[in-house]
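*Asks:* predicted model, plus sequence, below.
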Amino acid sequence: MASDHAEAIVRKYYEKATAGDAKVIDELLADDFVLRSPISDEPIRGVEGFKAMIAAYRAATPELKVKVEDLRVDGDTVVARWSASYKHTGDFDGHAPTGKQGDITGSDTIRIENGKIVEVENNLDLAEAERQIGFEPKLKNKS
């Protein structure tokens, strides 16, 4: 795959898919898509799983803005560094809205096959993201 095409797919992912555009999500993600992230103990699988995750985040932080800071393409793999700003104005995972603002940075390693995103390995400081909007830290049992 040409690096220009891989870059265009990833930019569209951040601009449209993370905003919850269902048509773009269907267009960009492979049926066997998987997202590994600190936001979930288990991988998020499939197009519908991704849509559900985005819908939950958009309901809690409808003003969420994700900005691509840097992209590096190597064949079918794209590494993206991004920043996000958000304000917690809706219920989320048992947390009532706090009205607090947060700003974080993170990175993703994205694998593309046949013009579709098949895998995203997401890295972010979830504890810091939650702290900024007033969530009490919770330790996950990894036993």
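*Replies:* Yep, it's here.
*Asks:* where do the strands of this structure begin and end?
*Replies:* Along the chain, counting by DSSP state E, strands occupy 29-36, 44-45, 65-74, 77-87, 101-113, 116-124.
*Asks:* wait, which of those strands is closest to residue 16?
*Replies:* Closest to residue 16 of the strands of the chain is strand 65-74 (C-beta to C-beta; 10.5 Å). For the C-beta atoms, the positions are set from N, CA and C on the backbone; glycine is no exception.
*Asks:* follow-up on the earlier one: reformat the strands of the chain as a markdown table; add mean neighbour count and mean pLDDT.
*Replies:* As requested, the strands of the chain are exported to a markdown table (neighbours: other C-beta atoms under 10 Å; pLDDT from 0 to 100):
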| stretch | mean neighbour count | mean pLDDT |
| --- | --- | --- |
| strand 29-36 | 17 | 98 |
| strand 44-45 | 16 | 98 |
| strand 65-74 | 14 | 96 |
| strand 77-87 | 17 | 96 |
| strand 101-113 | 17 | 97 |
| strand 116-124 | 18 | 97 |
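*Asks:* want to throw those into JSON lines with distance to residue 18?
*Replies:* Output for these, formatted as JSON lines (distance: least, C-beta to C-beta, whole Å):
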{"stretch": "strand 29-36", "distance to residue 18": "11"}
{"stretch": "strand 44-45", "distance to residue 18": "13"}
{"stretch": "strand 65-74", "distance to residue 18": "5"}
{"stretch": "strand 77-87", "distance to residue 18": "9"}
{"stretch": "strand 101-113", "distance to residue 18": "10"}
{"stretch": "strand 116-124", "distance to residue 18": "11"}
